[in-house]
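Q: Fold the stuff below for me.
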Amino acid sequence: MRLVPTSQLLAPSSASTSTHTRSSTRSQGYRNSLDRSMTTMSSTLIREPAIFQANGVPLNKSSFFDKLESRLQMKPKNVIFLGENHSDPSSHILELEILKRVADLRPGETALSLEFYDRSAQSVLDEYLLDFIDYDTFLDHSHPPANHKDYRPLIDFCKANKLPVIAANCSRRHSRLMSRQGPDAMEKLAEESELHRNFLLPPLPIQQASQHTRQISELQWESLGQRVWTRIA
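A: Here you go, the predicted structure:
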């Protein structure tokens, strides 16, 4: 989760009634499969998360939020990155607590950015936040993650408090384009399409990871007992 600038709306696209009906039928089946896949997760024991500082020293939740408040007051603009175990419900509960605290500390200055929704879902996400469509319609058109229910409280909190939510991820088709054809293809696409240049693609040119970032990533993989097989581009 990241706190980032306000998003923009994409122009709505038209669709025939028959096409919408077929899409809704397929999407309903997709949602049902997503809901079934969440059955096991919903029975997972939700526990209070343990919090540690960077040096491994434990930190209780009260002290954690005190430090968060202190850091937020140090700078006029802040970006907070939250890593998570996607299948751990307690992490999503903590994310919501953090979002609420930040929104309370910085009213009118908070936005939520979600990795699980890609840029092409921004328009339908905005329509849901603005209450033009219901949640099921949002799911029909946003390619949601299997555990979308875990992220709904975050989105609905922003909706209730009129906070922007950014669908931040790069789409799979653009990730594949980058993987198969490299950065030149991405830059060519951006040159040919204003929509891609200004909205759908990440900032170009794409920068390579620094040596420091590579070293950190390799150490993280090694700590999990795995060997890094691919070079980080």
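
Q: Low-confidence regions, this protein specifically.
A: For the chain, the stretches flagged by pLDDT under 70 are 1-45, 223-233.

Q: residue ranges of the helices in it, please?
A: 17-37, 39-42, 61-72, 89-105, 122-129, 135-142, 148-160, 172-181, 183-192, 194-195, 211-223 (DSSP state H).

Q: what's the distance between the closest residue to A111 other than its chain neighbours and H86?
A: Leaving aside its chain neighbours, A111 sits nearest to P164 (4.2 Å; criterion: C-beta to C-beta, 6 or more residues apart in numbering). C-beta: built from backbone N, CA, C; applies to glycine. P164 sits at a distance of 23 Å from H86 (criterion: C-beta to C-beta, to the nearest Å).

Q: go on, Y151?
A: To H86, Y151 is 10 Å away according to C-beta to C-beta.

Q: With neighbour numbers in mind, choose between those two.
A: Between Y151 and H86, Y151 has the larger neighbour count (other C-beta atoms under 10 Å), namely 22 against 14.

Q: The more buried one contacts F116, doesn't it?
A: Yes: with contact defined as C-beta atoms under 8 Å, Y151 counts as touching F116 (6.3 Å).

Q: got any residues that touch both of those two?
A: P145 (C-beta atoms under 8 Å, 6 or more residues apart in numbering).

Q: So which elements touch the longest strand belonging to the chain?
A: Determined from DSSP state E, the single longest strand within the chain is strand 112-118. On a contact count with 3 or more C-beta pairs under 8 Å, 6 or more residues apart in numbering; DSSP states H and E, strand 112-118 meets helix 148-160, strand 165-169.

Q: for that strand, which positions count as buried?
A: Across strand 112-118, burial judged by 16 or more other C-beta atoms under 10 Å covers 112-118.

Q: The nearest residue to P58 once chain neighbours are set aside: neighbour count?
A: Of all residues not flanking P58 in the chain, F52 sits nearest, at 5.6 Å (C-beta to C-beta, 6+ apart). F52 has 10 neighbours, counted by other C-beta under 10 Å.

Q: And for F65?
A: Neighbour tally, F65, other C-beta under 10 Å: 16.

Q: repeat for M186
A: 20.

Q: same thing with C170?
A: 17.

Q: my read: it touches R119, true?
A: Yes: between C170 and R119 there is a contact under C-beta under 8 Å: 6.9 Å.

Q: What is the end-to-end distance of stretch 149-169?
A: Distance between the two ends of stretch 149-169: 18 Å, counting by C-alpha to C-alpha, to the nearest Å.

Q: List the buried residues for it?
A: 149-152, 154-155, 157-159, 163-169.

Q: Specify which member of those residues is nearest to D136.
A: Nearest to D136, judged by C-beta to C-beta, of the buried residues of stretch 149-169 is R152 at 11.6 Å.
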